[in-house]
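Q: Next one to model:
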Amino acid sequence: MSEWIEKPLGKLARFQKGRKVQTADYPQDGYDAYLGASSLEEGNVEGYALTSHAVMVDTDDVLMLWDGERSGLVGHNLRGVVSSTVQRLTSGKEITGTYLYYHLLFRFDWIQGRRTGTGVPHVPKDLARILYVKYPLDTIEQESITSILASIDKAIEKTESLITKYQQVKAGLMHDLFTRGVTADGKLRPPREQAQELYRETPIGWIPKEWQIVRMIDLAEERKGSTTIGPFGSDLVATDYRLEGVPVVFVRDVKVTGFEWNSDTYVSEKKALQLSAHSVKSGDVLVSKMGLPPCISCLYPEWMPNGVITADMIRLSPDAKKVDGYWLATTINYDRVKRQVAAITAGVTRSKVTLADFRGIKIAKPELLEQQQISVRLRIAQSRIDTELVKISKLLQQKSGLMHDLLTGKVRVAV
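A: Have a look, this model is predicted:
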C-alpha cells in the first residue's frame with residue numbers, strides 16, 4: 001500500500017474565480033451555467049450562458065461556492081461556466097479531481113466553521129494555505145477510495161429517484177380518492193366524464209352524490225375545547241422547557257408525510273397540567289396555524305406520549321363516530337382545503353389562519369367506512385415512501401462513516 005501524506009490545498013490544486021455571466025433561463029445555443037448552491041449540490045443548471053467570456057469548467061474540475069450561507073459547498077462532474085460566487089479548483093498530477101471533491105465534501109463543516117464576512121459569509125481567503133489535504137500518493141488507491149464512495153452515491157441517487165416516483169404515485173392516488181372515492185367493493189368510482197350522474201356540483205367542486213359538505217368544527221368531538229390553539233406566548237416560554245417530561249409539539253414536527261419528532265423539548269408535569277387546555281393525545285389532528293402555506297396537517301401518532309402544542313398550532317380531536325383521523329389529516333393537505341386557505345390568507349403580509357377560520361373550512365365527507373378504505377390505501381402508499389426514506393437515511397450514515405474512514409487513511413483499501 002502506498003504512503004499517505006498531507007499538503008496544503010494550494011499545493012494540490014489551482015484556484016480560479018468565476019466571472020459574472022449573462023444568462024437566459026431557457027435552453028438555447030450557449031453553455032450550462034452553474035451559479036449557486038442548487039447547482040453544486042444537485043447539479044442543476046441555473047441558466048444558459050450566452051457568451052464564452054467566462055470561466056469554463058470541465059468534468060474533472062471541482063467547483064466550490066465561495067459566497068453565501070452554503071459557502072464551502074462543492075460540486076463535481078459538471079461542464080459549463082461558473083459565476084463570480086464560485087471558484088474552480090483544478091487538481092494537479094498528485095491528486096485526482098474526484099478524490100479532491102470527496103475530501104472537500106468531507107471537510108465542509110470544517111470550512112463552514114472558518115468562514116468570514118459580517119454580511120454575506122464567504123470561504124476564508126487563505127483556504128488554500130490553511131486547509132491540509134490527506135491523501136495516498138498512489139492515484140490508483142485514490143481511485144479505489146472514490147469508487148467505493150461513488151457506489152454509495154449511486155445507491156442514494158437511485159433511492160431518491162424511487163422516492164420521487166412513489167411520491168408522484170401517491171399524489172395521483174390522492175387526487176383520485178378525494179375526487180372519486182371508492183365504492184362498497186373497494187373500487188374507484190368511474191370518473192365524472194364517464195358517469196356524470198354519480199356526481200354533484202358544490203361550492204368546493206364536484207363530489208360523489210353520497211358525500212356531504214361539512215365544516216371542520218362538525219367533525220370534532222362534541223365537547224368544549226375539542227378544537228383549540230396553543231397557549232399565548234407568555235404562558236409558554238423558553239424558560240419552561242426541560243430535558244425530559246411532557247413533550248412540546250412545534251410546527252417543525254408536523255409534516256405532510258406524517259409526524260416527525262424533531263423538537264426533543266419538554267415541560268414539567270406541573271406545567272403541562274397548567275396547559276391542559278392545549279394538550280394533544282394519540283389520534284388528534286395537528287394543523288399548523290402559520291407558515292408558507294399554513295394548514296399543514298398530520299395525525300399525532302400512537303408512539304408519542306401525550307404532549308402540549310405551541311402557540312402556532314391548532315389541535316382538533318376528531319369524533320370517531322363521524323370521521324377517520326388519518327383521512328381527515330390527509331384531506332386537510334389536499335387541494336380543496338389549500339384553495340380555501342389561499343383565499344383566507346390572500347393579501348396579508350404574514351400567512352396565518354385563526355381558529356375561527358379553521359373551524360369554518362369546508363370539506364367533502366364520505367361515510368366513515370369509505371373514509372377508512374381511503375385511509376388504508378393512502379397509508380400503504382406512504383409506507384412505501386417511508387421505507388425508502390429509512391433506506392436513504394442508512395445510506396447517508398454509511399457514506400458519512402466511509403468518508404471518515406477512507407479519506408483519513410483509518411481504513412485502507414487494497415489496490
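Q: So which residues of the stretch 51-200 of the chain form strands?
A: Counting by DSSP state E, counting those that start in this stretch, the stretch 51-200 of the chain has strands at residues 55-57, 62-65, 74-76, 80-82, 86-91, 132-136, 199-202.
Q: Show me where this structure has its helices.
A: Counting by DSSP state H, the chain has helices at residues 9-12, 37-42, 97-106, 108-112, 127-130, 139-179, 269-274, 325-332, 335-345, 355-360, 368-407.
Q: Compare the ones you listed and say which comes out lowest on pLDDT.
A: Mean pLDDT is lowest for helix 37-42 among the helices of the chain, at a mean of 75.
Q: Can you give me the buried ones in that one?
A: For helix 37-42, burial by neighbour count (16 or more other Cβ atoms under 10 Å) applies to 37, 39-40. In this view, the C-beta of every residue, glycine as well, is placed from N, C-alpha and C.
Q: likewise stretch 379-391?
A: Of all the residues in stretch 379-391, those buried under the rule 16+ other Cβ under 10 Å are 381-382, 384-385, 388-389, 391.
Q: Glu141 contacts Leu407, doesn't it?
A: No: the pair Glu141 / Leu407 is not scored as a contact, 11.7 Å apart, by Cβ atoms under 8 Å.
Q: ok, now which ones touch Thr345?
A: Residues near Thr345 by Cβ atoms under 8 Å, 6 or more residues apart in numbering: 293-294, 351-353.
Q: buried subset of those residues?
A: The buried subset of those - by 16+ other Cβ under 10 Å - is 294, 351-353.
Q: would TSV of those residues with pLDDT and distance to Leu162 be doable?
A: Listed next are the buried ones among the contacts of Thr345 as TSV, based on pLDDT from 0 to 100; distance: Cβ to Cβ, whole Å:
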residue	pLDDT	distance to Leu162
Pro294	89	31
Ser351	81	33
Lys352	87	36
Val353	91	35
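Q: any idea which of those residues is the one closest to Gln340?
A: Nearest to Gln340 among the buried ones among the contacts of Thr345 is Val353, at 9.4 Å by Cβ to Cβ.
Q: how about the spatially closest residue to the closest one that is not a sequence neighbour, what does it touch?
A: Excluding the flanking residues, the one nearest Val353 by Cβ to Cβ, 6 or more residues apart in numbering is Pro294, at 5.0 Å. The contact partners of Pro294, by Cβ under 8 Å, 6+ apart, come to 288, 341, 345, 351-353.
Q: hmm, try it at 6 Å
A: Contact analysis of Pro294 by Cβ atoms under 6 Å, 6 or more residues apart in numbering lists 288, 351-353.
Q: could you dump these to TSV with distance to Arg359?
A: Shown next, in TSV, are the contacts of Pro294 (distance: Cβ to Cβ, whole Å):
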residue	distance to Arg359
Ser288	15
Ser351	18
Lys352	15
Val353	10
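Q: so where's the stretch 151-300 of the chain shaky on pLDDT?
A: Counting by pLDDT under 70, the stretch 151-300 of the chain contains no low-confidence segment.
Q: neighbours of Ser147, just the number please.
A: For Ser147, the neighbour count with other Cβ atoms under 10 Å is 11.
Q: Look up how far Val376 lies from it.
A: Ser147 sits 44 Å away from Val376, going by Cβ to Cβ, to the nearest Å.
Q: State the distance from Arg79 to Gly36.
A: 17 Å.
Q: higher neighbour count, those two?
A: Ranked by neighbour count (other Cβ under 10 Å), Arg79 and Gly36 place Gly36 first, with 18 against 13.
Q: If we go by neighbour counts, what in stretch 389-399 is buried?
A: By neighbour count on 16+ other Cβ under 10 Å, the buried set for stretch 389-399 is 389, 391-392, 395, 399.
Q: Going by distance to Arg114, which of the residues you listed wins?
A: Among those, and counting by Cβ to Cβ, the member closest to Arg114 is Lys399, at 23.4 Å.
Q: Chain neighbours aside, what residue packs nearest to the closest one?
A: Lys399 sits nearest to Ile152 (Cβ to Cβ, 6+ apart), 4.6 Å away.
Q: ok, that neighbour - how many residues close by?
A: If you count neighbours by other Cβ under 10 Å, Ile152 ends up with 16.
Q: For it, give its distance to Leu402.
A: 6 Å.
Q: returning to that earlier point: Arg192: which of the helices of the chain is closest?
A: Nearest of the helices of the chain (Cβ to Cβ): helix 139-179, 7.9 Å.
Q: any idea how far Thr330 is from the closest residue to Glu302 other than its chain neighbours?
A: Spatially, and ignoring its direct neighbours in sequence, Glu302 is nearest to Ser282 (4.7 Å; Cβ to Cβ, 6+ apart). Using Cβ to Cβ, Ser282 is found at 17 Å from Thr330.
Q: sorry, back to before: among the contacts of Pro294, which are in strands?
A: Residues of the contacts of Pro294 located in strands (DSSP state E): Ser288.
Q: Out of the contacts of Pro294, which comes closest to Glu157?
A: Among those, and counting by Cβ to Cβ, the member closest to Glu157 is Ser288, at 31.4 Å.
Q: Now that the closest one has come up, it's in contact with Ile296, right?
A: Yes: if you go by Cβ atoms under 6 Å, Ser288 and Ile296 touch, sitting 4.6 Å apart.
Q: shared neighbours of those two, which are they?
A: Residues touching both Ser288 and Ile296 (Cβ under 6 Å, 6+ apart) are Val254.
Q: Settle it for me: which of those two has more neighbours?
A: With neighbours defined as other Cβ under 10 Å, Ser288 and Ile296 compare such that Ser288 has more, 23 against 20.
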